[in-house]
Structures are given as structure tokens and as C-alpha cells.
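> Everything below, folded, please.
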Amino acid sequence: MKVIETHNLTKRFDRLIAVNKINLSIKEGEIFGLLGPNGAGKTTTLSMLATLLPPTSGRAYVNGFDVVNDASKVRHSIGFVFQDPSSDDLLTGRENLYLHALMYGVDMRNINKRMDEVLKLVDLTERQNERMKKYSGGMRRRLELARGLLHDPRVLFLDEPTLGLDPQTRQHLWTYIRRLADEKKVTVIITTHYMDEADQLCDRIAVIDHGKIAAMGKPEDLKKRLGGDVVRIKSKKPNVAAVKKLRYVKNVKHNDGMVTMTVDNSAKHLQEILKKIGNVESVETRSPTLNDLFLHLTGSEIRDEEGEGGYFERMMASNRGNR
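As a prediction, the model looks like this:
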């Protein structure tokens, strides 16, 4: 069953095309990742699917509802966890959930039972009556996740859900998210900068750069596109031209004395490569990663400069400051 579909979904901001004719088809219970740098278009895509931004052109359907013509029905079908916590620090964890339940019209006869369920899911039952300002970063993210699930959505949007968290807390959140998809068949759409997060958590990913989908598929299948092993060689004066002529070498990139390439059967050919390149200081060989794929597709590392990411969080923070 397809829960999310888009057809040439496009968003323009004046002359800037933030999202450029994106086509997606995501099924029930799937964890789907949007991978890319700030400014790539992933947060804008999520915002259109969540009815926070109207598309400039194209169509999108969430849980069978048109995001433009059936916006209210879409909103009742989804949960959204923003990059930055948006809960009230002066309220307890449970009070934050109660307020959210009132806004989403959760059945008052079941409200306490439902709050108990989501608090247990994210292991916050014992801390539910403490004020949010006493919560750690990991606890805040878990409460945000609980809040997004409180009204039992069929689709959950997670915008950089583990940003700034320590590795152990990130792993715990991955476990919660996977359980949601497997046991409750919640469809999860996640944006992330973290390659390992996309690799371990997502059933499929779409690599987005400059508003377009550069590649889409299962992480393992996408990594196989590179072919061979990744070899990184540090050299003071590398003979890059000679290496590029070798038939078993592909995707050669040279940056500040570091030469990176994809090599078929590196164990067999490495000695010849080292002779060709010359002046070798160090060498590293490994299997390809999603980061290698991203480099291959875009020619650059994941960019961290300011972009679209965090726009809605900044807008909400500004509004809170004006109250």
C-alpha cells in the first residue's frame, strides 16, 4: 500500500528552485530517508508533505489525501518532529503531551491511556512529572517523538531527529523508530546529515542535492553502484594522470595531496597503483560507504553551511520570543 506519492513536486522561492520535480512512492511501514546537505531541498519537501508549505506545482498525496485540497485530513494523519525541541520548558513532560493531545483532538476518554503508552514507548514514564527544562537532550528528543505519536499518526516526519545527540542516545532512538515501523506499521520519513543513520535505519533513501533526486534505492544497492573498493592514498606529488589511465580504476579525485579512487579488486591491483602514483605517504582501503556515493554523485562532501534546514524552528523560536 502506497502511503506517500508525489508527482513532479516543485517549490520555488522567487528565483530559487528549492525542490525540482521530485517523484516519490513510499509504502506503509517503510522508513524512507532523505539524505543531503542543508539547502538541498529535503526540509522543504517534508514541509510540503506536511502542509506547512504549499507546492508551487506538482501533486502530493499523504495517506491518500491531497496535501492542498485535503490539508486538514493530511494533518490528522501525520506526526512531525522538528530539528529543535518545540515543547514548553515550564511544563512537565506529561503536561506537554496533554496540551498536544488537546490540540489534536485526542479522545478525552482515552487520553491518559494514550499518554501512558507513548511515555512507556520512549522510556520516560519515571520522568514524566519533571519539567522539560530538567531534561537532557536525549530525553527531549524522546519526548518530541512521543508527542508526535500521541494522536496515533499513520505517517511520521522526522527532521534531523538525532542532531547533536551522543552515539548511545542516537542508537536508542533508532531502536524506537524501527519498532514503530515494524510493529505499528507507521510510515517514517526522515531527513538526516548522518550517513550511518541512513545506512542502518532506512529501508530506502533518496539522495537530494540542489532540489533534485540524484539517486534513490536501498542503501546497499546504492553503494554497489560505485563498484569495487575505495582506496585513499596520501602523496606529496601524486601522478594522478597515470592512475586515471588504469582500466580498473574509476572515480579518481585529488584534493590537497589526498587521492581517492574506486578500484576493482584492490587487493590484486594495489601494488601497481602505488608504483604509478609515486611518493606514497599512507594508504587506506575499505568498502564503499554512502558518503562515497554522495561524493560520487555531487562531487563534494555533505555541506554544513546555513540553508533551508531549521527554517521552521527559527520561525517558531522568533514567535515565542515575541509573546
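
> For the most centrally placed residue in the chain, give the beta-bridge partners.
Nearest residue to the geometric centre of the chain (CA atoms, centre = their mean): Thr191, 2.0 Å. Beta bridges link Thr191 to Leu34, Asp159 when assigned by DSSP bridges.

> thought it was touching Leu158?
Yes - assessed by CB atoms under 8 Å, Thr191 is found in contact with Leu158 at 7.2 Å. For every residue, glycine as well, the C-beta is placed using N, CA and C.

> Output the below-cut-off pLDDT ranges for this protein.
By pLDDT under 70, the weakly predicted segments of the chain are 298-323.

> the domain parsing of it - what is it?
2-221, 227-287 (automatic domain parsing).

> Tell me where this structure has strands.
2-13, 16-27, 31-35, 57-62, 65-66, 78-81, 155-159, 187-192, 204-209, 212-217, 229-235, 249-255, 258-263, 280-286 (DSSP state E).

> Quick one, which of those gets closest to Met132.
Nearest of these to Met132, taken as CB to CB: strand 78-81 at 14.9 Å.

> give me the number of residues near Leu121?
As a burial measure, Leu121 scores 18 neighbours (other CB atoms under 10 Å).

> From Val106, how far off is it?
To Val106, Leu121 is 16 Å away according to CB to CB, to the nearest Å.

> What sits closest to Leu290 if chain neighbours are left out?
Once flanking residues are discounted, Leu290 sits nearest to Met195: 4.3 Å by CB to CB, 6 or more residues apart in numbering.

> Was I right to think that neighbour contacts Leu295?
No - if you go by CB under 8 Å, Met195 and Leu295 don't touch, sitting 10.7 Å apart.

> give me every residue that touches Tyr248.
228, 263-265, 269 (CB atoms under 8 Å, 6 or more residues apart in numbering).

> Among those, the buried ones, what's the ChimeraX command?
Those of these that count as buried under 16 or more other CB atoms under 10 Å are selected in ChimeraX with:
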select :228,263,269
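
> Take the contacts of Tyr248 and write them to TSV, including distance to Leu150.
TSV is the format used below for those (distance: CB to CB, whole Å):
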residue	distance to Leu150
Gly228	48
Val263	51
Asp264	51
Asn265	53
His269	56
